[in-house]
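# Just a sequence and a predicted model for now, questions to come.
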Amino acid sequence: MEPKDSIEVIKNIGKTRAAQLNKLGIETVEDLVEYYPRDYEDRSTYVPLDEVEPGKVNTIRGRVCGKPEAKKIRSMTIVNARITAGKGFIECVWFNQPYVRNQLTPGREYSFTGRVTEKFGRIQMESPDYEPVNENSLNTGRIVPVYTVPNKMSQKIIRGCIKDAMDSVEGTLEEYMPHSILEKHDLCSREFAVKNIHFPESDTAFFKARRRLVFDELLLLQLHLLELKGNVCSKKSTVKIEDQDDTEIRKKIGFKLTDAQERVLNEIKSDFKSGFIMNRLIQGDVGSGKTAVAMIAAYIAVNNGYQAVLMAPTDVLANQHYKSFFDVFEPLGIKCELLTSGLKKREKERAYDNIETGYSKIVIGTHALIQDRVKYNNLGLVITDEQHRFGVRQREMLANKGDEPHVLVMTATPIPRTLALILYGDLDISIIDKLPPGRQKIDTFAVNHSYYQRLYAFIKKEAAKGRQAYIICPMIEENDKTELRAVISYTDELDRNILPELKVSCVHGKMKNDEKQEIMESFARGEIDVLVSTTVIEVGINVPNATLMIIENAERFGLSALHQLRGRVGRGSEKSYCILVSDTKNKTSKERLEIMCKTNDGFVISEKDLTLRGPGDFFGTRQHGLPEMKIANLYKDIDILKEVQQTAIELYKEDRELKSVENSLLRNKIFDIFTTKVKKICL
Ligand code: ADP
Ligand code: MG
């Protein structure tokens, strides 16, 4: 039997089962062998018969005492066997499995795993799995694998099929990993790994096996991403963007770019000139000034005769961008267009026309930009802001609207390099690592609720200076089950009782877009002193006069979210403050808040976040575009990921196309996973 044979060569797999397994992407024997358990059950300890625990799954061993009996009660067949060991005994029953009667040989010793019940003082084990006691057991008397199974297929069946598959390819499963890598990283053989991931011989064997398979999965993915990036970045571009004199727009922008901004801009300019399509990610902490860089890039594209679009994740943000672009571009005679789902039908129609005819050179909007109805005239540059909210697919859809335009992605979530390589493995990365001058550190304090009076006094003091404050609550409405602060009731209380002399308003996700928009604008104009909000405020909002950020139940937020929220203040030249209110006693939560008080550096915070709670924040939104992992878990396997990346980069440097004899099997495996398989799924 060959690993590449169809699964139908396996004894217990006929047409029906094969079809069921195909749906899970399992077609060949090798696929089946690489179908890893989703969990394990420890059935390795035998419980003495007189110590079984009713209500629980127990594993026992004993001899079958006499021929099992079969009874028919109405339409149900009940098989009953008496099991003995030493002086103890127990009844096992099976419902509607008449064949059990003939499978159990009287006098022979078996192990059984099943739920024990106690009814009317009678203890029995119900429908247990059973096997003769010997070293070949799969379902009892050991740690057993648990698989995600198709409907109607039992764990026992799939375990058996996988075992058969493994036996049938024993000795023929190809070791595709170069020997030097196995040695350097102390990895076990593929065969050992596969065997022990399904039916571990011991704990140590299991961990060895898992480490090897995680390493493989991540390495294959990372190499594939490097290859993709190589392909994308070496794709010839038909969009020719020559460098342009940008004095005019710099004058309009009004401030001098920081060195970090200049550096990133130069990287973009050299991409434009390179003759290849740009795929660049700009990572810059909140407030680092990504917008100005995007503006100049757009200006250069427009002056080369192209359109540039900017896609933002929310209407509010799109509107804000539109305003700042409008102020800069319109005086230079460059038309800007806004396209969001919030527009009236007539306005939309006009926008479509202006875009299609090429009258509007700069188009700013939300997802509305990628709808079929939108036709671009001559799209040369696509910019997406706060990209972690968009999936790779959406980015692609927008890029596909033009004739392979250049793509610039901006994100304010500082992502540790390790993760960036997996998340944005197909992009070149630029980092704006310095904030504009004159920014003051945002003083951050963690307090508990006994500080409220002082907190309110502080809000009043800032308001008296003409400054504004945000208060973030974790919930919109109150809820009997928790004592978390809720936006609506808290706003009411502040407005009526606590801060009656100030104007307090709120925004939250349940409001209509127009309504949100109006309040945000009113806040931006300084008509509202205190804005109570949920995290809708998190993304990109820019009100430089706001100097105070108060976060209620701060323990409820991840570090990266806290950092984003804090980034809403400290955007002007005034000293700003962030107060984290929390009564938490939890050690990790406290640690998080302490980190916030200690540093303002988003990269430091994201590294800490990763170690404290895993990359949840980065992958929080489902649309991260990351391929589903079979075995690796980025929460747990970050150390292996680091090892893998080092290896991938070295391999890529030494033998970019993995052409050497040593690397060729690895290359085939990557092709097999990412090209052959993916193609099949797409078809
Ligand atoms: P983000 O990177 O978070 O999108 P923005 O582009 O919104 O940041 O910039 C934040 C604020 O900093 C804006 O008010 C912007 O005008 C200002 N800013 C950006 N770059 C500079 C600079 N080089 N000098 C002074 N202010 C700047
Ligand atoms: Mg921004």
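Alright, I've got the coordinates. Ligands and ions are numbered 1, 2, ... in the order given.
# burial measure for L317, as a count.
Neighbourhood size, L317 [other Cβ atoms under 10 Å]: 23. Where C-beta positions appear, they are placed from N, C-alpha and C, glycine not excepted.
# near ligand 1, which residues of the stretch 551-683 of the chain?
By Cβ under 6 Å from any ligand atom, the part of the stretch 551-683 of the chain that sits against ligand 1 consists of R571.
# Walk me through the regions of the stretch 551-683 of the chain where pLDDT falls short of the threshold, as ranges.
612-628, 635, 676-683 (pLDDT under 70).
# residue ranges of the strands in it, please?
For the stretch 551-683 of the chain, applying DSSP state E, counting those that start in this stretch gives strands covering 577-581.
# got the contact list for the residue in the stretch 551-683 of the chain positioned nearest to ligand 1?
Residue of the stretch 551-683 of the chain nearest ligand 1, by Cβ to the nearest ligand atom: R571 (5.3 Å). R571 makes contacts with 287, 542-544, 546, as judged by Cβ atoms under 8 Å, 6 or more residues apart in numbering.
# List, out of those residues, those positioned next to ligand 1.
Filtering the contacts of R571 for neighbours of ligand 1 using Cβ under 6 Å from any ligand atom leaves 287, 542, 544.
# which of those are buried?
Applying 16 or more other Cβ atoms under 10 Å to these, the neighbour count classes 287, 542 as buried.
# In JSON lines, list the ones next to ligand 1 among the contacts of R571 along with distance to M125.
Converted to JSON lines, the ones next to ligand 1 among the contacts of R571 look like this (distance: Cβ to Cβ, whole Å):
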{"residue": "G287", "distance to M125": "65"}
{"residue": "N542", "distance to M125": "66"}
{"residue": "P544", "distance to M125": "71"}
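# For the ones next to ligand 1 among the contacts of R571, give me TSV that also has distance to L634 and secondary structure.
TSV is the format used below for the ones next to ligand 1 among the contacts of R571 (distance: Cβ to Cβ, whole Å; DSSP: H, G, I helix; E, B strand; the rest coil):
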residue	distance to L634	secondary structure
G287	28	coil
N542	32	coil
P544	37	coil
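# Any chance of JSON lines for the ones next to ligand 1 among the contacts of R571, columns distance to Y376 and pLDDT?
What follows is the ones next to ligand 1 among the contacts of R571, written out as JSON lines (distance: Cβ to Cβ, whole Å; pLDDT from 0 to 100):
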{"residue": "G287", "distance to Y376": "31", "pLDDT": "80"}
{"residue": "N542", "distance to Y376": "27", "pLDDT": "80"}
{"residue": "P544", "distance to Y376": "33", "pLDDT": "89"}
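# which one among the ones next to ligand 1 among the contacts of R571 gets closest to N80?
G287 (73.7 Å; Cβ to Cβ).
# circling back: just name the closest of the ones next to ligand 1 among the contacts of R571 to V146, please.
G287 (48.1 Å).
# List the residues that contact the closest one.
Here G287 is in contact with 435-436, 439, 567, 570-571 (Cβ under 8 Å, 6+ apart).
# can we see that at 6 Å?
567, 571 (Cβ atoms under 6 Å, 6 or more residues apart in numbering).
# sorry, back to before: wait, which of the contacts of R571 is closest to A308?
Set against A308, the nearest of these by Cβ to Cβ is N542 (20.4 Å).
# Can you tell me, leaving aside adjacent residues, what's nearest to the closest one?
Among residues not flanking N542 along the chain, R571 sits closest, at 5.8 Å (Cβ to Cβ, 6 or more residues apart in numbering).
# Could you check how far the one you found is from T611?
R571 sits 29 Å away from T611, going by Cβ to Cβ, to the nearest Å.
# same question, T16
On the measure of Cβ to Cβ, T16 and T611 end up 48 Å apart.
# what packs against the longest helix along the chain?
Across the chain, the helix with the greatest residue count (assigned by DSSP state H) is helix 203-233. Contacts defined by 3 or more Cβ pairs under 6 Å, 6 or more residues apart in numbering; DSSP states H and E place helix 203-233 against helix 190-198, helix 638-654, helix 661-671.
# What residues sit buried inside the longest one?
Within helix 638-654, the residues that qualify as buried by neighbour count (16+ other Cβ under 10 Å) are 638, 640-641, 643-645, 647-648, 651-652.
# Let me know how buried S288 is, in neighbour terms.
27.
# That one contacts S430, doesn't it?
No. With contacts counted by Cβ atoms under 6 Å, S288 stays clear of S430, the gap being 11.3 Å.
# Write out the residues of the stretch 401-550 of the chain neighbouring ligand 1.
So far as Cβ under 6 Å from any ligand atom goes, the stretch 401-550 of the chain lies against ligand 1 at 412, 436, 542, 544.
# Any chance of a markdown table for those residues, columns distance to V507?
As requested, these are arranged in a markdown table below (distance: Cβ to Cβ, whole Å):
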| residue | distance to V507 |
| --- | --- |
| A412 | 20 |
| P436 | 27 |
| N542 | 15 |
| P544 | 18 |
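# so, if you compare the residues you listed, which one comes nearest to N134?
Of all those, A412 has the smallest distance to N134: 60.3 Å, by Cβ to Cβ.
# Just to be sure, T84 is in a strand?
Yes. Looking at T84 with DSSP: H, G, I helix; E, B strand; the rest coil, it is inside a strand.
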